[in-house]
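In: A structural model of the following input is requested.
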Amino acid sequence: MATQTNSLISVREQGLRSGFKNLLWKENSLKWGGRRWIIPTFVWLAIINGFILLIAFAGTQDPSMAGQDVASMAIGVFVSIGIFATSIGIIVNAQGAIIREKQLGTAAWILSKPASRSAFIFAKWVAYSIAFLILSLTLPAIVFLIQSQLFWGKTPSLIPFLEAWGIMILHLQFYLALTLMLGSIFNARGAVAGISLGFMFSGSFMSLVLPSWITMLFPWSLQDLANAIAISSPLPEGWMVPVIATALWVPVFIGIALWRFGREEF
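Out: Numbers count the residues shown, from 1 in each chain. The predicted structure follows:
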């Protein structure tokens with residue numbers, strides 16, 4: 001009499017990428033599902049491009065301001081407000097990205113499925129990057145180019161403008177990675193937001209107390225650099241140092257977040 005042996009068939013996981021697509025879909029649905037993207041879009045356009053409208057209005061009211069001066073001022077305002085506002089925005093939005101899931105128990109539930117902890121972190125990083133890249137940087141940049149053509153009859157030089165835009169993206173990535181890293185370490189949103197915002201605002205006086213070679217290793221000077229690039233001004237000596245250093249900090253922070261979250265007990 002023949003016997004039938006029932007055995008389990010092992011399923012080969014995808015290692016660190018296991019569950020990434022599903023987790024990314026879940027994160028994107030929270031940001032783009034339904035009409036969730038509409039309000040953030042108008043908020044960013046109002047914050048960033050609203051200032052450009054004020055600059056244009058001021059230029060029409062002050063006859064001493066030449067069109068060229070107003071246009072250059074508008075570029076500087078766009079870069080400065082864009083860097084400042086998006087950094088605060090990403091910290092405020094991402095401060096609870098990991099902590100909220102740990103507190104509600106959804107992180108433990110998700111990781112009980114065939115999903116790796118690294119995919120959990122990467123999905124949040126990619127989803128927040130995409131959302132802020134489109135809503136807070138790309139759309140306002142496009143609208144700004146249209147505003148420049150309407151108000152001053154010309155648009156900024158495309159290559160310098162794109163280079164400055166790239167610096168804005170790099171600055172945003174630094175604070176997103178920093179916030180995710182802190183979220184993997186602490187269990188309170190206040191600590192994450194406080195440290196991230198404190199670090200950002202401390203750049204205004206760190207140059208007064210620290211050697212210049214130390215301050216250049218962080219993104220505090222990227223705003224001035226982006227402004228200089230956008231209006232084709234001479235670049236400061238050693239301008240590549242903060243760019244390279246900031247680009248290196250991003251994978252370091254994400255790596256620490258992966259390491260710390262991988263040792264989280266659920």
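In: Quickly find the element holding the most centrally placed residue in the chain.
Out: Residue closest to the average C-alpha location in the chain (Cα atoms, centre = their mean): Leu172, at 3.2 Å. In the assignment (DSSP states H and E), Leu172 maps to helix 158-185.
In: What residues sit buried inside the helix or strand just after that helix?
Out: Counting by DSSP H and E, the next helix or strand C-terminal to helix 158-185 is helix 189-209. By 16 or more other Cβ atoms under 10 Å, the buried positions in helix 189-209 come out as 189, 192-193, 195-197, 199-200. C-beta: built from backbone N, CA, C; applies to glycine.
In: helices or strands up against helix 189-209?
Out: For helix 189-209, the packing partners by 3 or more Cβ pairs under 8 Å, 6 or more residues apart in numbering; DSSP states H and E come out as helix 67-94, helix 99-104, helix 158-185, helix 212-215.
In: residues in contact with it?
Out: Here helix 189-209 makes contact (Cβ atoms under 8 Å, 6 or more residues apart in numbering) with 87-88, 91-92, 95-96, 99-100, 175, 178-179, 182-183, 186, 215, 218-221.
In: Just want the angle from that helix to helix 158-185.
Out: Going by axes from the mean of the first three to the mean of the last three Cα atoms, to 10 degrees, helix 189-209 is angled at 130 degrees with respect to helix 158-185.
In: could you check the angle helix 67-94 makes with helix 189-209?
Out: If you take the same axes, to 10 degrees, helix 189-209 sits at 140 degrees to helix 67-94.
In: Can you give the distance of helix 189-209 from its chain's centre?
Out: Remark: helix 189-209 is offset 16 Å from the chain centroid, using Cα atoms, centre = their mean, to the nearest Å.
In: pull the CA atoms of that helix into PDB?
Out: Presented in PDB, the C-alpha positions along helix 189-209 are these (Å, rounded to 0.1, in the frame of the first residue of the first chain):
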ATOM      1  CA  ARG A 189       7.800  62.100  18.900                       C
ATOM      2  CA  GLY A 190       8.900  65.100  21.000                       C
ATOM      3  CA  ALA A 191      12.500  63.900  21.200                       C
ATOM      4  CA  VAL A 192      12.600  63.200  17.500                       C
ATOM      5  CA  ALA A 193      11.200  66.600  16.400                       C
ATOM      6  CA  GLY A 194      13.100  68.500  19.100                       C
ATOM      7  CA  ILE A 195      16.500  67.100  18.200                       C
ATOM      8  CA  SER A 196      15.900  67.400  14.400                       C
ATOM      9  CA  LEU A 197      14.600  71.000  14.600                       C
ATOM     10  CA  GLY A 198      17.200  71.900  17.200                       C
ATOM     11  CA  PHE A 199      19.900  70.700  14.900                       C
ATOM     12  CA  MET A 200      18.500  72.600  11.900                       C
ATOM     13  CA  PHE A 201      18.200  75.900  13.700                       C
ATOM     14  CA  SER A 202      21.500  75.600  15.500                       C
ATOM     15  CA  GLY A 203      23.300  76.000  12.200                       C
ATOM     16  CA  SER A 204      22.700  79.800  12.400                       C
ATOM     17  CA  PHE A 205      25.100  80.100  15.300                       C
ATOM     18  CA  MET A 206      27.300  77.000  15.100                       C
ATOM     19  CA  SER A 207      29.700  78.900  12.800                       C
ATOM     20  CA  LEU A 208      30.400  81.300  15.700                       C
ATOM     21  CA  VAL A 209      31.400  78.600  18.100                       C
END
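In: In TSV, list the buried residues of helix 189-209 along with distance to Ile254 and pLDDT.
Out: Putting these into TSV (distance: Cβ to Cβ, whole Å; pLDDT from 0 to 100) gives the following:
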residue	distance to Ile254	pLDDT
Arg189	20	93
Val192	15	96
Ala193	19	96
Ile195	17	96
Ser196	15	96
Leu197	20	96
Phe199	17	95
Met200	18	95
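In: which one among the residues you listed gets closest to Ala127?
Out: Nearest to Ala127 out of the buried residues of helix 189-209 is Val192 (Cβ to Cβ; 17.5 Å).
In: Any buried residues in the helix or strand bottoming out on mean pLDDT in the chain, and which?
Out: Ranking every helix and strand in the chain by mean pLDDT, DSSP states H and E puts helix 50-61 at the bottom, with a mean of 76. Buried positions in helix 50-61, judged by neighbour count with 16+ other Cβ under 10 Å: 51-52, 55-56, 59.
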